[in-house]
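Colleague: Whatever this is, show me its structure:
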Amino acid sequence: MDTSSLVNSWNRLYQIDMIPSIWDHMEAVLAEGRAVVTQQVYEEIEKKDDALFAWCKERKALFTAIDEVHIELLAGLMERYPRIAAAGAGRNFADPWVVSLAQCYDPACCVVTEEGTSRNPNSPKIPFICNQEGLRSCSFNTFLRETGWRERG
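Modeller: Predicted coordinates:
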C-alpha cells in the first residue's frame, strides 16, 4: 500500500471519527498478513506527525521491514526505471519500495495507490511501473471491497 492511499483515505475520504470500522478493518488485514505496508511508507507518514502518524505509530509493528529479497528486487526496479529512483529521493521516497515489496510475494501483491495513471516513462507513477512489471494496482476503495470490508448496520 502506497502512502497516498493512507493519507487520502485518512484525511479526505474515511476520517476515523466518521467511519472507524474502516481503520479497524485496515488494522485487522495488516495483522492477518492480508495486506502489507512497507516501513518506508511509515517513514513518509512520520514526516507529517499528525493523527494518521499517531495511528500508525501505535501499530508500527504491522509495517513490513525490508529484507535481502526486497533489496534485490528494489535494485532491479531502480535499474529498469531510473526515474522512479530520482522520484524516490524526494516526496515519493517510498514508491519504489512499495512496488518492490509487492514483487516479494508469490503471487505478487496488488499495489494499492491513489496515484493517477501515467504512460510517461520520464515521470513514472506507481500504476505505470506496475503495468510494466506485470503487477496489478488498485484504489483504496477496491482494496476495501476485495478484503471484505462492509459497514456495520
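Colleague: Can you find the helix or strand in the protein with the smallest mean pLDDT?
Modeller: The helix or strand of the chain with the poorest confidence is helix 82-87; it has a mean of 70 (mean pLDDT, DSSP states H and E).
Colleague: give me the element residue 151 is part of.
Modeller: Residue 151 belongs to no helix or strand when assigned by DSSP states H and E.
Colleague: how about the nearest residue to it, chain neighbours excluded?
Modeller: In space, and not counting its chain neighbours, residue 151 is closest to residue 21: 6.3 Å by C-beta to C-beta, 6 or more residues apart in numbering. Any C-beta I mention is one placed from the backbone N, CA and C, and that applies to glycine too.
Colleague: Residue 11 now?
Modeller: In space, residue 11 is closest to residue 52, 7.1 Å off (C-beta to C-beta, 6+ apart).
Colleague: and the one you found, what does it touch?
Modeller: Residues near residue 52 by C-beta atoms under 8 Å, 6 or more residues apart in numbering: 6-7, 10-11, 45.
Colleague: and residue 14, what does it touch?
Modeller: By C-beta under 8 Å, 6+ apart, the neighbours of residue 14 are 22-23.
Colleague: so is residue 22 in a helix, a strand, or just coil?
Modeller: helix (DSSP: H, G, I helix; E, B strand; the rest coil).
Colleague: How many residues are close by it?
Modeller: Residues within reach of residue 22, counting by other C-beta atoms under 10 Å, total 19.
Colleague: From residue 124, how far off is it?
Modeller: The spacing between residue 22 and residue 124, counted by C-beta to C-beta, to the nearest Å, is 29 Å.
Colleague: which residues in the chain form strands?
Modeller: For the chain, the strands defined by DSSP state E occupy 111-112, 137-138.
Colleague: so of these, which one's packed in deepest?
Modeller: Stretch with highest mean neighbour count among the strands of the chain: strand 111-112 (a mean of 26; mean count of other C-beta atoms under 10 Å).
Colleague: What lies in contact with that one?
Modeller: For strand 111-112, the surrounding residues in contact (C-beta under 8 Å, 6+ apart) are 1-2, 5, 35, 98-99, 102, 126, 130, 135-140, 142-143.
Colleague: now swap in stretch 32-44 and tell me
Modeller: Outside stretch 32-44, the residues that reach it (C-beta under 8 Å, 6+ apart) are 1-3, 6, 26, 29-30, 56, 60, 62-66, 70, 93-94, 97-98, 101, 105, 109, 112, 143, 147.
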